[in-house]
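Just to be clear, the model below is a prediction. Sequence and coordinates:
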Amino acid sequence: MSLRSEHSRRSILAGMGIAAVGLTFGLEGCSKEKTAVADGEEAKLNFYTWDTYIGKTTLSDFRAKTGIDVNMSLFATNDELFAKLKAGNPGFDVIVPSNEFVQRMSEADMLMPLDHAKIPNFKNVEKAFLDPPYDPGRKWSMPYTWLVLGIGYRKSKVQGVPDSWKYLFDSDQYKGRIALLSESADLIRLGARYLGHSVNGIDQATIDQVTAMFIKQKPNIKAFHEDNGQDMLLAGDVDLVLEYNGDIAQIMTEDPDIDFIVPKEGSLLNSDTLCIPKGAPRPNNAHAFINYLLDAKAGAEIAETISYPTPNAAARALMPESYRNNPVIFPSGIGFDRSEFGKFEGAAQQSAFETAMTKIRAA
């Protein structure tokens, strides 16, 4: 997988290149050269994460501090991550699944319980992230970033503030100027939220109702995007887009005509996390790396680079006011207050979401 130059939730550091010490793109050859060991472990670590979802100097700083080389491999989706480890861990020490997949992977016995004694920087985490519903007590995961879906829009092209999902899901007011996220679970859940339901526990009748709504709306939709909706908005291809707050925050620095809102009906929260997969060859190094990523200074460097909201209170305190008080990076208001984390509710439910999306695309 190569680095992409466009902005994306998963592709943020266009100028990063491959300068970080120890950075590779695959496991091949990454652990053949033996180096000094600590606690009986080779001074290496295999990190499996999203595309350029790290600070510019994080890996080299970690190496300077610990002597441990980090070899970074990339995945594009949670499904890819899950499939890669389902048949057995090929050698990864730290992975970055999203919240639903923490639950899914722990239930499938694919994760190693964390030793909190080896992660003293857990004390830096915001109170709201200490005991999430997808991982009570943080047995399996540590928080890395969080994000919320909402509407990115071009102010000069939209009348007022588009404070409802209706503008995207159930109206022809901006026909041909709308882009929706193509991920099936996110789209169906948000459609259900617009219709007054929780994003969890959605029954088949509601899925069918949401499917019919999107099929009716489809002539008004320009594209179902692959998490590059912010690029379409920035380029002027669309005027309203379903996207993550971090993505829109990034392009707002380039174009003051762009803004973001979490619709009043509420939305879907996500959190990307740090986990140790079962069978990790270097669990001590893994704990050390996770602890380092939760360090205040390291966390601030990551947040400064990727422009996503950090759950690290100590890191946030080191950031400039323009970050700490940015209402897009850290949303508030009725829509945000009504937002929920999605739960993994089994393969059958996921299949139902995918079937619905197939019907929408085929209509």
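Nice, I can see it. Keep in mind that what you see is a predicted model, and the values were worked out from it rather than measured.

in which helix or strand would I find residue 151?
Applying DSSP states H and E as the criterion places residue 151 in strand 142-154.

got the contact list for the helix or strand following that strand?
Using DSSP H and E, the helix or strand that directly follows strand 142-154 along the chain is helix 166-169. Helix 166-169 has contacts (C-beta atoms under 8 Å, 6 or more residues apart in numbering) with 151, 158, 162, 173-174, 178, 180, 190-191, 194, 213-214, 217, 240, 242. (Each C-beta comes from the backbone N, C-alpha and C, glycine too.)

Okay, and which of those residues map to helices?
With DSSP state H as the criterion, helices contain 190, 191, 194, 213, 214, 217 from among the contacts of helix 166-169.

Can you say which of these are buried?
190, 191, 194, 213, 214, 217 (16 or more other C-beta atoms under 10 Å).

which helix in this protein runs the most residues?
helix 347-362.

still on that earlier bit, out of the ones in helices among the contacts of helix 166-169, flag the one nearest to residue 312.
residue 190 (27.4 Å; C-beta to C-beta).

Tell me what the nearest residue to the closest one once chain neighbours are set aside is bridged to.
Taking C-beta to C-beta, 6 or more residues apart in numbering, and ignoring the residues beside it in sequence, residue 190 has residue 268 as its nearest neighbour in space, at 5.9 Å. Beta-bridge pairing for residue 268 (DSSP bridges): residue 340.

residue nearest the centroid of the chain?
Central residue of the chain (C-alpha atoms, centre = their mean): residue 272, 4.9 Å from the mean position.

Correct me if wrong, but that one is in a strand.
Yes - according to DSSP: H, G, I helix; E, B strand; the rest coil, residue 272 belongs to a strand.

Report the beta-bridge partners for it.
residue 98, residue 145.

hang on, the earlier thing: quick one: mean pLDDT over the longest helix of the chain.
Computed over helix 347-362, the mean pLDDT rounds to 94.

which residues sit against it?
So helix 347-362 is in contact with 182, 184-185, 187-189, 202, 204, 207-208, 210-211, 214-215, 218, 224, 344, going by C-beta under 8 Å, 6+ apart.

picking that back up, the residue nearest to the centre of the chain reaches residue 101, doesn't it?
No - using C-beta atoms under 8 Å as the test, residue 272 is too far from residue 101 to be in contact (9.7 Å).

domains of the protein?
37-146+271-324, 148-269+330-362 (automatic domain parsing).

Distance across the last one, terminal residue to terminal residue?
Just to be clear, that refers to domain 148-269+330-362. By C-alpha to C-alpha, to the nearest Å, the extent of domain 148-269+330-362 from end to end equals 28 Å.

again, but for stretch 175-182
End to end - C-alpha to C-alpha - stretch 175-182 spans 18 Å.

got the buried residues for the longest helix of the chain?
Applying 16+ other C-beta under 10 Å to helix 347-362 flags 349, 350, 352, 353, 356, 357, 360 as buried.

Now do the strands in the stretch 201-350 of the chain.
Taking DSSP state E, counting those that start in this stretch to define them, one finds strands in the stretch 201-350 of the chain at 221-225, 240-244, 258-261, 268-274, 340-341.

Which of those has the lowest mean pLDDT?
strand 340-341 (a mean of 92).

tell me what that one is packed against?
strand 268-274 (3 or more C-beta pairs under 8 Å, 6 or more residues apart in numbering; DSSP states H and E).

What is the strand it packs on packed up against?
Short answer (3+ C-beta pairs under 8 Å, 6+ apart): strand 268-274 packs on helix 99-107, strand 142-154, helix 184-194, strand 340-341.

can I get these in a markdown table with distance to residue 290?
Formatted as a markdown table, the helices and strands packed on strand 268-274 follow (distance: least, C-beta to C-beta, whole Å):
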| stretch | distance to residue 290 |
| --- | --- |
| helix 99-107 | 14 |
| strand 142-154 | 5 |
| helix 184-194 | 27 |
| strand 340-341 | 21 |
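
Of those, which is nearest residue 252?
strand 142-154 (8.6 Å).

Tell me what angle that closest one forms with helix 184-194.
70 degrees (axes from the mean of the first three to the mean of the last three C-alpha atoms, to 10 degrees).
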